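*Asks:* below: sequence and its predicted model.
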Amino acid sequence: MITGWQPLQCSARSPREARLPVRDDGTILGRAVKFIHENATRGIHVRDVAAHIRASRRWLDGQFVEQLGRTPHEEIVRVQFARVERLLIDTDLPLEEIAGQCGFRHAEYMSVAFKRRYGVSPSRWRGHRARRSRRPQPA
């Protein structure tokens, strides 16, 4: 079992996502997770992760599912969307720029995947978040 790891500081969609590691604990799996967190927004694939840790994709998939309850691909996508969320909240960058900074080749694909994941378009999600942050806070 992986120990000493802390959840990524972003919104999680499920309890499974909340227990994701972000620190390299010295294990092969820890190195894989660290590589994903450092490179997911560069458009990496699972084969890149497997090559980095010098393991087979099959072994990597099995270890991720056994230890983390998700696949390496799901972790890559989760890290990418955590970055998308941050950029939508913290910047006024156009979707094309956000897509490029988050490892997506096309803004259209990112938008479709975002809507599938969150149930709303990135632009609408951004507008909703912006309205929420402008509300006066209770004293």
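*Replies:* Arrived safely, thanks for sending. Numbers count the residues shown, from 1 in each chain.

*Asks:* now stretch 64-80: mean pLDDT?
*Replies:* When pLDDT is averaged along stretch 64-80, the result is 96.

*Asks:* and D61, how many neighbours does it have?
*Replies:* Per other CB atoms under 10 Å, the neighbour tally for D61 reads 16. Every residue, glycine included, has its C-beta placed from N, CA and C.

*Asks:* same deal with R132?
*Replies:* 9.

*Asks:* what distance do you get for E38 to A32?
*Replies:* Distance of E38 to A32, computed by CB to CB, to the nearest Å: 11 Å.

*Asks:* ok, now V77?
*Replies:* 15 Å.

*Asks:* please apply the same query to S111.
*Replies:* In terms of CB to CB, S111 sits 29 Å off from A32.

*Asks:* tell me which of the two has more neighbours.
*Replies:* Using other CB under 10 Å as the criterion, S111 and A32 rank with A32 on top: 23 against 18.

*Asks:* ok, the more buried one touching I76?
*Replies:* No: when contacts are counted by CB atoms under 8 Å, A32 is not listed as touching I76 (10.6 Å).

*Asks:* now do the shared contacts for these two.
*Replies:* V49 (CB atoms under 8 Å, 6 or more residues apart in numbering).

*Asks:* the longest helix in this structure is where?
*Replies:* helix 72-90 (DSSP state H).

*Asks:* contact partners for the nearest residue to I44 once chain neighbours are set aside?
*Replies:* Of all residues not flanking I44 in the chain, I76 sits nearest, at 6.4 Å (CB to CB, 6 or more residues apart in numbering). Counting by CB under 8 Å, 6+ apart, I76 touches I36, A40, I44, H45, V46, V49.
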